[in-house]
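Enquirer: sequence-free structure coming up:
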């Protein structure tokens, strides 16, 4: 009878340990996904900003390359 109780206790402890491990794993997984999303968002923003700067410079150069008469017509 005593042995049965001890076995049950050991099994419960083991199960709790496994549950804690699983929980920890899922938390890590979620944190990793959040970080990846944040990194992806930042990457997109950086690309957009770089594209905007490049586009602005390119447009400025195109306008500067035009003759004064053409420049007036573009406004």
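Expert: It's in. All values derive from a computational prediction rather than experimental measurement.

Enquirer: and the pLDDT at residue 66?
Expert: Residue 66 is assigned a predicted lDDT (pLDDT) of 71.

Enquirer: could you do residue 1 as well?
Expert: So, for residue 1, pLDDT stands at 80.

Enquirer: number of residues surrounding it?
Expert: 5 (other CB atoms under 10 Å). C-beta: built from backbone N, CA, C; applies to glycine.

Enquirer: mind checking how far it is from residue 13?
Expert: Applying CB to CB, to the nearest Å, the value for residue 1 to residue 13 is 19 Å.

Enquirer: ok, now residue 23?
Expert: Relative to residue 13, and taking CB to CB, residue 23 is found at 16 Å.

Enquirer: over to residue 5?
Expert: Relative to residue 13, and taking CB to CB, residue 5 is found at 13 Å.

Enquirer: average pLDDT for stretch 4-11?
Expert: 92.

Enquirer: what segments of the protein are helices?
Expert: 2-65, 68-74 (DSSP state H).

Enquirer: need the ones you listed in CSV with mean neighbour count, can you?
Expert: What follows is these, written out as CSV (neighbours: other CB atoms under 10 Å):
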stretch, mean neighbour count
helix 2-65, 10
helix 68-74, 8
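
Enquirer: what's the least confident stretch among these?
Expert: helix 68-74 (a mean of 63).

Enquirer: please state the offset of stretch 20-38 from the chain centre?
Expert: 13 Å (CA atoms, centre = their mean, to the nearest Å).

Enquirer: check the gap between the residue of the chain most remote from its centre and residue 29 for me.
Expert: Of all residues in the chain, residue 1 has its C-alpha farthest from the mean position, at 54.7 Å, by CA atoms, centre = their mean. Distance of residue 1 to residue 29, given as CB to CB: 42 Å.

Enquirer: cool, residue 7 as well?
Expert: 33 Å.

Enquirer: for residue 6, same thing?
Expert: 35 Å.

Enquirer: same question for residue 43.
Expert: 21 Å.
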